[in-house]
Each structure stands twice: as C-alpha cells, then as structure tokens.
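1. for reference, the sequence and a predicted model appear below.
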There are 2 protein chains.
Amino acid sequence: MDFKELVKAIQEFEGVTRKNSIDNVISLLNEAYNVSGDVVIDIGDDASAIDIGNNQVILMAADGIWGQLMNINPYWAGYCSVLVNVNDIAAMGGKPLAMVNIMSISNDEIYEQLLAGIKDGCLKFGVPMVGGHLHPDGEVDSIGVAIAGIAQKDKIITSFGAEVGDKIIVAIDLDGKPHEEFALNWDTTYDKDPELVRAQITAIQYLAENDYVKSGKDISNPGIIGTLEMLLEASEKGAIVNLEDIPRNEDVSWENWLKSYPGSGFVFTASEDKCDDIINYLKDFSIESNVVGEVTSDKSLYLVKDNEKLEVFNQNVNPVFKKAND
Amino acid sequence: MDFKELVKAIQEFEGVTRKNSIDNVISLLNEAYNVSGDVVIDIGDDASAIDIGNNQVILMAADGIWGQLMNINPYWAGYCSVLVNVNDIAAMGGKPLAMVNIMSISNDEIYEQLLAGIKDGCLKFGVPMVGGHLHPDGEVDSIGVAIAGIAQKDKIITSFGAEVGDKIIVAIDLDGKPHEEFALNWDTTYDKDPELVRAQITAIQYLAENDYVKSGKDISNPGIIGTLEMLLEASEKGAIVNLEDIPRNEDVSWENWLKSYPGSGFVFTASEDKCDDIINYLKDFSIESNVVGEVTSDKSLYLVKDNEKLEVFNQNVNPVFKKAND
C-alpha cells in the first residue's frame, strides 16, 4: 500500500466515520449538560468531570460494544467492555473506581459468556462491576458499561489542552498480538500479568499528577490518527505527524496498525522539555512512546512520510467529531 | 376486590415476579464485585458504594426502562430514566452528581422524543446527563442510564439495617396523578415546581445525615409491599404491616396503589422515638408518611386488614429477590 492509499484508508475507516453519529447524544441535551453547575469538563472528552469539592472530581464515562463484536464473541465483548471504560478513566489521569452495566440479552449462552468476559476483565484491571440492569427479554444482545473514577481537579488530562508548539507523543504497549477474530484489536492485556496491566493505568495517573502532559486521549475505535484528530479538534489545533516515528509492532501492517484499538495506547501533547522523561517513565510499564510530531495553529492534521506531506483531516472539511448542532 | 384477592394480586404482580431475573447480573460476577476492596455495600441495595476516603463514598446505580414504556411513549421513558436513577441515589441518603446513558435507537423520531424527555428530567431534578453512548444502528429502542452520587460513608441509608422492633414508615408524595398512559406511574414530579422536587431529594439526605432512619429503599417497580419485602430480605427480617395505615391518595384503588411506582416514595425503618420527627419533617416537602407496622424476626411479610392477617411474602417460599446462586 502506498502512502496516498494509506491516508485514504484512514480517512474512510469505519472507526472514524462512525464516530460522527455516536457522539452526538450529549450535545443535543444542551443546557441539561450542566444543570447542577458542577460539571467542569466540556463535552467531547473521554470522560466528564464533576466537582465534588476539596480539589477532587468524579469522572464518568459510558461505552457500548459494537454489535458485531457481541455477536461473534460475547466473551471478548464482555472483557472489552471493561477495558474500554477503564482506559477512558486512565486517559483522564484518573483512578477507576467502579462500573455498572446495562445489558440486553436474547439467549442464555451468550449471557454466560458475556458475564465470564466481564468478570475476567474486572479481575484483570482490578476494577469492580458493582451493579447492573438486565433487559431479560431482549430481542438483541447488547452491552453498555458506565464507569466512575476519581482525580485531582487541577491535574486531569483533557483533550482541550494542546497548545501550538507542543510535541505530540504516541504511547503504546507493543508487547501483544492482534486478537484472533478481530484483527484490529491489538490485545496487550489478556495474556499479561494483572499487576502490570493495572500499573499501566496508574502510570498515566502519575503523568497527570506530576504535570508531565498538557493534553491526552486514549486510542480507541478511530485508531491512532483518528484519536489524535479528535484531541486536536477539541483543542482547535492542527498537527504535523511523521508516520515512521509512530511506535509500531512490525508484525502489523501500517494500515492495520493505524486502525487498531490497542489494549494500552494513548496520544499526548507535552512541552519539549518533558518528552524524554515521559518516554523513559513509560518504558517501565511496557509502554513504548515516541515524539511523532508537533501541534500547529491551523486546523489540519498532516501525515509525513519520506518527503511527502498529505492532509488526512481538515476540521473544516472532514472532522472526526461533528457536533450535532453544526 | 376483597383482601385475599388483593394479597394474591401483589404476589403475582409483574413488577414483583420480574424482579427475580433482572437483579441477578451482579451476584453472578462473584469475586469481581469487590476486586478493588473499596466496595462498602453488599449486593442488593439501590446503589453500590465505593470508599473514596475521608468518610466519603461514591454511590453508583444503573437502571433501564421497560421496553413497553419506550415503545408507547419515548418522551416519558426518557423522563423516567432520570427519575428512577435520581431516586436510587436519594434512597441511599446521597446527593446525585451526574448521569450517563446508553441508548439503542432504531428511528429518529423516537430518538428526539427520548432526548427531550431526558432533558426535561435533568432540568426537573437538577442532575446533569454528562455522557452517553448511542448504538446508532439499533434494531430495537432501549435506554439505560447510570448515575453517580456522593454520600457520607457512615451515614448512608442501606437496605441492610432493619432491626427487630423497628417501626416501618411508608413515605409518599400524595399530590399527584396516575400518568395518562401508564396507570401505575404515580406521577408527582412532572407538574411540580423543580425546587420542591429537588428539595424532596435533599430531604432524604437530611434524614440520613441526622441518623433518623435505620434502613430505607425507594419504592420502585415492585410497588410498596414488594419494595418493603426486598428491604426485609436484605436485612433478613420479617414484618407485620397494617394495610390501612399506608398513606394513599384515595383516588387510586388499593390494588393500583400498592403496585404504583411513585415519583417520590420510600419505605424506611426507624426506632419508635424518631418516627414523629420523620413524619413531621417530610410533611414540609409534600411527602406524607406514616408508621404502617413493625419489623419482626421471622422471614415473612404479613399484611393485616381488619382482623385478617395474611402472609404476602415468605423468604423461604416466594422471595422477591432470588439470588442467582440459590
């Protein structure tokens, strides 16, 4: 695949295009978003933050699991429902506290496998599932999980803090393998010791609490470049990224790598003087990171390879996150 | 309807029998329930509580909305998805912080009505909806909402605290009307001033923080007697309840009243010397309450009318909340 085709593949990737519709729920609610006056994070981050006083916030997020994942492998769907939620809290620099779930189940066998997956996810990440609601006479099988976490109010990592001149860091656990059935699930947790998996979460908390990063987001369905674009859109900035500086496990093609949902993967921006410390610190947690580019003032994300520079996203033309009211 | 038929109607009420299956999710997860060691409330309460230190707990709950409600009136389903979750936190003596939702939607019109209902619910109760996940290509329409709240760790109202000899108090806002389409929705919030609705939530917090009650639960789908039975099962106690001492709006038949889901309704147990204070305090918030009976040591809930005493629930024979492992 040549570079132009790669860029086109990222632009047309379902993980990116599908994002347009699924994140509009909240912006439609308008003034109900902060009726209490305690919500301190704007719409469009991995999690929302509610001020509870004493320089603490409660973080909340919700994630569903794609129907196709649920139908093919309910065990893995259950496991991933934990993983994606825990990573949402981690990406904010928070400590995950607990999860609740809402399930719709049409048959008992799927239900048992789903629960087994959830349970193993909880045991792996050390985060409890403390409640749930089952639609027992469901016509379809689906699962949604909500999570609460806690963080220091003045230390949370948001998607809104990227500044012009910031270095962009991509940080991914390279020690893994694509899931047998889902080639774009870069699984780095299932075979890994729970202690190390939990320490990866705590490591991001450490970066947050010690002011190492200015903004950040966990790499999810939109993949590495799509996730970075979402961060840039929240910060109203652009970027130039050097493709080959992105940490990659070379068993995976560039196309699949850029579309992958990693078990532990983040994009950060940071001032130049912090980058070495971040990179060195994360190494101890099996997370390989590298400076891949820089934040710019225009609203385009360019990818560079050799001497070619191509625009992947332009916030005026093909943003990943379209606000419902636009 | 004679008294025997009324008791039979409660026993066979769908709101009670359906409870058997929908609350089993969590007990199946076993050791994943408290993998972090911070969960301080046992399974079977309105919400779970996670210790965050400093004598504070985060409360979490999740509730879905019955499919039939969603199909007939998505606006009301959205509104109720807020109401039921806020009441879960109120019943624990907590302050609701924020909600997130997970929706599956098959058509746009339903979606808009649902969102309008959610929004009006948020504005009524003063609790923000801060995030969500939409399955946009849903084959069915469903909504689940999760809520987080906060409370003082040593002051939460649980379902586990009922003691033999406690008086049982039923407390309900009688100023309302059955919903036009759903006769068992005793609606007391929709036409009421938001300030009073929010003050009803805060009033329960006040009872909790001042040690007025020993246990409590919000009256939900299982109705007044079914909800009391769930509390008694959690506390491993029984009760004798005098039917005609239960506060009732006399426009509603006893059968419908006992099956109703009130906008603001709770069962509490308290020591005798606190009862007058509780009853007087709640009056200011449009909540009518009364001592309706007493907690006993056997595991049966008896209802008394005139000189007749009938067993409604027996924990060894027809419990409302069957644990999955039983």
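-> It's in.
2. sec struct for residue A:99, please.
-> strand (DSSP: H, G, I helix; E, B strand; the rest coil).
3. and the gap between it and residue A:143?
-> 11 Å (Cβ to Cβ, to the nearest Å). Using the backbone N, CA and C atoms, a C-beta is placed for each residue, glycine as well.
4. and what of residue A:301?
-> From residue A:301 to residue A:143 the distance is 32 Å (Cβ to Cβ).
5. do the same with residue A:278
-> Taking Cβ to Cβ, one finds residue A:278 at 34 Å from residue A:143.
6. please apply the same query to residue A:296.
-> For residue A:296 relative to residue A:143 (Cβ to Cβ), the value is 39 Å.
7. neighbour count winner among the two?
-> Comparing residue A:296 with residue A:143 by other Cβ atoms under 10 Å in any protein chain shown, the one with more neighbours is residue A:143, at 29 against 17.
8. for the closest residue to residue A:285 other than its chain neighbours, which three-state class applies?
-> Leaving aside its chain neighbours, residue A:285 sits nearest to residue A:203 (4.5 Å; criterion: Cβ to Cβ, 6 or more residues apart in numbering or on different chains). Under three-state DSSP, the three-state class of residue A:203 is helix.
9. ok, residue A:203 - contacts?
-> For residue A:203, the contacting residues are A:281-282, A:284-285, A:287, by Cβ atoms under 8 Å, 6 or more residues apart in numbering or on different chains.
10. try it again with 7 Å
-> When contacts are counted by Cβ atoms under 7 Å, 6 or more residues apart in numbering or on different chains, residue A:203 touches A:282, A:285, A:287.
11. over to residue A:62?
-> A:144, A:146, B:100-102, B:131-133, B:146.
12. closest to the centroid, which residue in chain A?
-> Most central in chain A under Cα atoms, centre = their mean is residue A:218, positioned 2.8 Å from the mean C-alpha point.
13. what about the nearest residue to that one once chain neighbours are set aside, how many residues close to it?
-> Excluding its sequence neighbours, the residue lying closest to residue A:218 (Cβ to Cβ, 6+ apart) is residue A:91, at 3.7 Å. Using other Cβ under 10 Å, residue A:91 has 31 other residues around it.
14. surely residue A:91 meets residue A:219?
-> No. Judged on Cβ atoms under 7 Å, residue A:91 makes no contact with residue A:219 at a distance of 8.9 Å.
15. common neighbours of these two, please.
-> residue A:266.
16. tell me, what's the model's pLDDT at the closest residue to chain B within the stretch 151-300 of chain A?
-> Proximity of the stretch 151-300 of chain A to chain B (Cβ to the nearest Cβ) peaks at residue A:194, 9.4 Å away. In this model, residue A:194 is scored at 97, pLDDT.
17. show me the contacts for it.
-> Contacts of residue A:194 by Cβ under 7 Å, 6+ apart are A:123-124, A:126.
18. try residue A:177
-> Contacts of residue A:177 by Cβ under 7 Å, 6+ apart are residue A:187.
19. tell me the buried residues in stretch A:5-13?
-> The neighbour-count check on stretch A:5-13 (16 or more other Cβ atoms under 10 Å in any protein chain shown) flags A:6-7, A:10-11, A:13 as buried.
20. ok, now stretch A:58-67?
-> Neighbour-count burial for stretch A:58-67 [16+ other Cβ under 10 Å]: A:58-67.
21. kindly report the same for stretch A:171-191.
-> A:171-174, A:176, A:178-179, A:182, A:184-190.
22. ok, those vs residue B:227, which is closest?
-> Distance to residue B:227 across the buried residues of stretch A:171-191 (Cβ to Cβ) is lowest for residue A:189, with 40.4 Å.
23. got the confidence number for the residue nearest to the closest one when sequence neighbours are not counted?
-> Nearest residue to residue A:189 in three dimensions, chain neighbours excluded: residue A:263, at 4.1 Å (Cβ to Cβ, 6+ apart). pLDDT recorded at residue A:263 is 97.
24. what about residue A:263, how many neighbours?
-> Neighbours of residue A:263 (other Cβ under 10 Å): 24.
25. list the contacts for it?
-> Residue A:263 neighbours (Cβ under 7 Å, 6+ apart): A:83, A:173, A:176, A:186-189.
26. now swap in residue A:133 and tell me
-> A:102, B:22, B:62-64, B:144.
27. so which helix or strand of chain A has the lowest pLDDT on average?
-> The helix or strand of chain A with the poorest confidence is helix A:19-22; it has a mean of 54 (mean pLDDT, DSSP states H and E).
28. isn't the residue nearest to the centre of chain A right up against residue A:45?
-> No. In this structure, residue A:218 is not within contact of residue A:45 by Cβ under 7 Å, at 10.8 Å.
29. hang on, the earlier thing: can I get the next helix or strand after the least confident helix or strand of chain A as PDB, trimmed to CA atoms?
-> Where DSSP states H and E defines the elements, the next helix or strand beyond helix A:19-22 is strand A:48-51. Output of strand A:48-51 as PDB, limited to C-alpha atoms (Å, rounded to 0.1, in the frame of the first residue of the first chain):
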ATOM      1  CA  SER A  48     -16.800  14.100  32.100                       C
ATOM      2  CA  ALA A  49     -15.700  15.500  35.400                       C
ATOM      3  CA  ILE A  50     -18.000  16.700  38.300                       C
ATOM      4  CA  ASP A  51     -16.600  18.800  41.000                       C
END
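30. just the residues contacting strand A:48-51, thanks.
-> So strand A:48-51 is contacted by A:38-41, A:57-60, A:153, A:156, B:97-98, B:130-131 (Cβ under 7 Å, 6+ apart).
31. which other helices and strands contact the helix or strand harbouring residue A:79?
-> Element membership of residue A:79 [criterion: DSSP H and E] is helix A:74-91. Packing partners of helix A:74-91 (3 or more Cβ pairs under 7 Å, 6 or more residues apart in numbering or on different chains; DSSP states H and E): strand A:56-64, helix A:67-72, strand A:95-104, helix A:108-125, strand A:142-152, helix A:194-209, strand A:215-218.
32. and the buried residues of stretch A:5-13, which is closest to chain B?
-> residue A:13 (16.6 Å).
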